[in-house]
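> coords below, sequence missing:
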DNA sequence: GTCGCGAACGCAAACGTTTACGTACCCCGG
DNA sequence: CCGGGGTACGTAAACGTTTGCGTTCGCGAC
C-alpha cells in the first residue's frame, strides 16, 4: 500500500517514465526491462494512484446514478444494469439516493463540477435551471428531460405498455374497466391511459381515478370503486403497488381477484409474482434501462455522436389475476 | 466548468495560495480580499478539483459498499443507510454488485489499493488471503470476517432474533414446530435455530430442514412437511422468501396460514407485509446496519480507536400469519 | 567509414491543489 | 526612534502520474 512509480523505478534502476510506459503496455521499452518492471511491480503490490492519473489524463473512472429512493423495488435493477455496463467500460458506479430532497440532487451536480464523476444518470426529474451545468455529461433514465434542454433521454414506452394491457383486457370480454393511477400530472400515468384507450372499445372504459403511487392509495381508490353502484369487473392499475392495494380492497369487499374482477398492474416488481393471486402486469426492462442509459452516457462522454434517445419495449406478463391460470408460472406475451 | 484556482487568483490579483485559504475558510486572509475572492469564485462557478485535492491531502471522499446482489430486497436499505451516514461525513457511496462473481470482489479491493475509495463496507464474505490487503479500511456488514483477521464486524443478533420468535411461538400453544432454513453451513441459519431452541420446550421442536434462501426452496421444504404423517402446526422459516414459499405450499395443501398453521419469517422484506396473509416476521434493522457499518468504517479511517464490533437488535413484527389479526396494521413487540 | 534512422530510454513539464516557510508591513510599547 | 510580534500575503515544493521532446546507442545501407 502506498508504493509509487518512482520507488519501483529506483529499485529497478530506470526512470519513472519507463515504468509508466511499461505498466501501461506502451511501446518504447525493451522486453528485458519490461519483465523486470512487471515482476517488481507485482512483488510490491503496486497499483497506480487513480487521482494522480485522473489529474493528468482528465478521465475519471466514475459514473453516478441518481435515484429518488433505492428502497423502491424499481431502482435496484436499474442500478445493477448501469453498474454492469459501467464495469464493462472500466468505470465504477456512485449511488446517490435523493430521498426526494432537492439538496441531494444539487449535491449530485456538485459531483460533476468537482470532477468526482464523469457523468450522471438521472432517474429523478431535474429543473430547467440545472440543465446548463450538465450539458453532455448527463442522460435521463425513465424520466423526462428538463424542457427545452438537449439532454438525451432513455425511457420505456409507456404508451405501448398501456396498449399491451388494453389488448389483453379487450380479449377478456369484461363489461366495465376502471383505471387506477398515480398523480394526474405524471406523464406515465397519462401515457399508459392513452395506450389503454388505443386498444379498447370506447364504452368499455369506466371511472378513472388518481392518487399516489402507493399501496394505501390503491386500497383507497379500490374501495371507492367497489362501493359504487356499478363496480367495474376489470381494473388496470398503473403501478404494481397500486394493484396490490386494489387487490386488498377487493378482498375486503369479498371479491375474488381473477374471478370477480380482473386486475392488471404495471412494473413487475418482485411482489407482483408473489402476491396472494399472482399479478398479471407489464414488465419494465429495468436492467436494460440502466444498461442503455449508462452506455449512452459513456458514449456521450467519449465524444461519440450521441445516439438518438432510446425507447425500450415493455413486456406483458400474464399471471393469474385476470382469470387465466397457468399456476404460479409466468407466461409471456410478445 | 474547468475554472481553476489560478485563474481566479489572476483576475482577483492575488496568489493561488490566498485563494485556496480564502475558499477553505482558513485564517490569514483579510476580509476585503476574502469577499472579492468569494464573489469571483461564485461568479465563475468554481468548484475545486477533487483529484488534485485528494492527491495532496490524501483524503478520498468515497466509500464503497459491496453487495452480492442489489436486487435482493435486503440490500437497498443497507445501501440507503450507508449512503446517509457517508453523506454526513462528506463522502459519497460507490456501489459494487458482485453477483457472486469472485472477480468482482477482487475489483472492489483494487478500488482500495488504487485509492479510488477510502474504505470498503463488505456485505459479502471475504477470504483469508484478502484480509491482509484491507487492514484498517474495511468493515464487514452482516457477514463474518475472514477467520483470524482483525476486521471489525457489525451485524445483527441472529440468536436474539431466534429467541424473539421462540418466545412468540411458545406463547401460542402450538403442538409441533418445524424449522425451515437456508444452507446448513450458514451461521445465520444455525444461530436463528439456536435462539429458537433457547425459548421453546424441548419436545415442541419437530423437523429441521435446509435448502437455499429462495421461494422455491421454501415451497419444496413446505411441501415435504405437509406431506408427512404428522404435519407441524407451526413453522419458523429462517427467511421471508422461504416463508412465502411455505405459504404457497400450505395453500397448495389446502391449509390456511394463520389458522391451520402458524408461520413466522425473517428479514421483514417488503413482500412480507403484502403477502396474501401478512407475515409475522423478524425485522432486521437494515438501514441502521448500513449506517453503523459506514460510521465504524469512517471512524477507523480517521484513526479513531476502532470501536468494538457492534451487534444490532432485531425486532419482532407481529402480523397475521400466526393467528392474531390486527388487520393490515403492524404491531411491534419490543 | 559515415550517415541516418529507429528503438530504448531519461528529462522535465504539466495537471490543480494544499501547506510549510519566508517576507513585507503595520501597530504598539519601550 | 527602535525592536518585536502579529497579520496578510507570496513563493515554492510536494502529491503521483502521463507525455512531448531530447538524447544515446546500435545497426544497416550507402
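Received the coordinates, thanks. Worth saying up front: this structure is predicted, and the values here are computed from it rather than measured. Numbering: from 1, shown residues only, chains lettered A, B, ... in the order given.
> Please tell me how far the spatially most central residue of chain A sits from residue A:313.
Nearest to the mean C-alpha position of chain A, counting by Cα atoms, centre = their mean, stands residue A:78 at 3.7 Å. To residue A:313, residue A:78 is 16 Å away according to Cβ to Cβ, to the nearest Å. Using the backbone N, CA and C atoms, a C-beta is placed for each residue, glycine as well.
> How about residue A:61?
32 Å.
> got it, and residue A:189?
Residue A:189 is 19 Å from residue A:313, where distance means Cβ to Cβ.
> The two - which one has more neighbours?
It is residue A:189, of residue A:189 and residue A:313, that has more neighbours when counted by other Cβ atoms under 10 Å in any protein chain shown, with 21 against 13.
> My read is that the more buried one contacts residue A:238, right?
Yes: here residue A:189 reaches residue A:238: they are 5.5 Å apart, a contact under Cβ atoms under 8 Å.
> joint contacts of those two?
Shared contacts of residue A:189 and residue A:238, defined by Cβ atoms under 8 Å, 6 or more residues apart in numbering or on different chains, comprise A:181, A:182.
> Can you show me the strands along the stretch 151-300 of chain A?
Applying DSSP state E, counting those that start in this stretch to the stretch 151-300 of chain A gives strands spanning A:153-156, A:177-181, A:205-210, A:234-237, A:262-264, A:281-283.
> okay, the ones you listed, which one's buried deepest?
Most buried of those by mean neighbour count (mean count of other Cβ atoms under 10 Å in any protein chain shown) is strand A:234-237; its value is a mean of 30.
> Give me the residues contacting it.
If you take Cβ under 8 Å, 6+ apart as the criterion, strand A:234-237 is touched by A:162, A:165, A:169, A:172, A:174, A:176-181, A:192, A:196, A:218, A:222, A:225, A:243, A:245-246, A:261-266, A:322.
> give me that answer again for 7 Å
A:165, A:169, A:172, A:174, A:176-180, A:196, A:218, A:243, A:246, A:261-266 (Cβ atoms under 7 Å, 6 or more residues apart in numbering or on different chains).
> number of nearby residues for the nearest residue to residue A:155 once chain neighbours are set aside?
Nearest residue to residue A:155, sequence neighbours excluded (Cβ to Cβ, 6 or more residues apart in numbering or on different chains): residue A:142, at 5.4 Å. For residue A:142, the neighbour count with other Cβ under 10 Å is 24.
> can I assume residue A:142 is in contact with residue A:121?
No: judged on Cβ atoms under 7 Å, residue A:142 makes no contact with residue A:121 at a distance of 9.8 Å.
> Let's see the pLDDT reported for residue A:220.
Residue A:220 carries a pLDDT score of 97 in this model.
> whoops, I mixed them up, residue A:272
Reported pLDDT for residue A:272: 87.
> Do I have it right that it meets residue A:240?
Yes: shown here, residue A:272 and residue A:240 form a contact pair, counting by Cβ under 7 Å, at 4.7 Å.
> any shared contact partners between those two?
Common neighbours of residue A:272 and residue A:240 (criterion: Cβ under 7 Å, 6+ apart): A:265, A:279, A:281.
> Among the residues you listed, which has the minimum pLDDT value?
Going through those one by one, the lowest pLDDT turns up at residue A:279, 94.
> got the contact list for it?
Contact analysis of residue A:279 by Cβ under 7 Å, 6+ apart lists A:240, A:243, A:263, A:265, A:272, A:319, A:321.
> where's the first one relative to residue A:285, distance?
This means residue A:240. Applying Cβ to Cβ, the value for residue A:240 to residue A:285 is 15 Å.
> So between those two, which is more surrounded?
Applying other Cβ under 10 Å to residue A:240 and residue A:285 shows that residue A:240 carries more neighbours, namely 28 against 18.
> Give me the neighbour count for the nearest residue to that one once chain neighbours are set aside.
The shortest distance from residue A:240 to any non-neighbouring residue, by Cβ to Cβ, 6+ apart, is to residue A:265 (4.0 Å). Other residues lying near residue A:265 total 31 when counted by other Cβ under 10 Å.
> before we move on, what SS does the residue in the stretch 101-250 of chain A that DNA strand D sits nearest to have?
Using Cβ to the nearest atom of the strand, the single residue of the stretch 101-250 of chain A nearest to DNA strand D is residue A:115, 13.8 Å away. Assigned with DSSP: H, G, I helix; E, B strand; the rest coil, residue A:115 falls in the coil class.
> Before we move on, what's the pLDDT of it?
Residue-level pLDDT assigned to residue A:115 equals 94.
> what sits against it?
Neighbouring residues of residue A:115 by Cβ under 7 Å, 6+ apart: A:60, B:49, B:50, B:51.
> at 10 Å what do you get?
By Cβ atoms under 10 Å, 6 or more residues apart in numbering or on different chains, the contact set of residue A:115 is A:54-55, A:58, A:60, A:62, B:1-2, B:47-52.
> Return the distance of it relative to residue A:151.
Counting by Cβ to Cβ - residue A:115 and residue A:151 are separated by 19 Å.
> Next: residue A:124.
Residue A:124 is 13 Å from residue A:151, by Cβ to Cβ.
> circling back: residue A:82 is in contact with the residue nearest to residue A:155, correct?
No: counting by Cβ atoms under 10 Å, residue A:142 stays clear of residue A:82, with 11.5 Å between them.
> who touches both of the two?
The contact sets of residue A:142 and residue A:82 overlap at A:75, A:121, A:123, A:289, A:290, A:293 (Cβ under 10 Å, 6+ apart).
> The last one: neighbouring residues, count only.
Okay, so that is residue A:293. Per other Cβ under 10 Å, the neighbour tally for residue A:293 reads 29.
> Identify the spatial nearest neighbour of it, chain neighbours not counted.
On the basis of Cβ to Cβ, 6+ apart, the spatially nearest residue to residue A:293 that is not a chain neighbour turns out to be residue A:141, at 3.9 Å.
> Show the pLDDT at that neighbour.
So residue A:141 comes in at 95 (pLDDT).
> For it, list the residues it contacts.
Contact analysis of residue A:141 by Cβ under 10 Å, 6+ apart lists A:65-67, A:75, A:78, A:81-82, A:120-124, A:152-156, A:286, A:289-290, A:292-294, A:296-297.
> In contact with residue A:120, which residues?
For residue A:120, the contact set (Cβ under 10 Å, 6+ apart) comprises A:63-66, A:94, A:96, A:105, A:108-109, A:111-112, A:126, A:134, A:137-141, A:151, A:297.
> Against residue A:178, how distant is residue A:225?
As judged by Cβ to Cβ, residue A:225 and residue A:178 stand 5 Å apart.
> what touches both of these two?
With Cβ under 10 Å, 6+ apart, residue A:225 and residue A:178 have common neighbours A:206, A:207, A:209, A:231, A:232, A:235, A:246, A:261.
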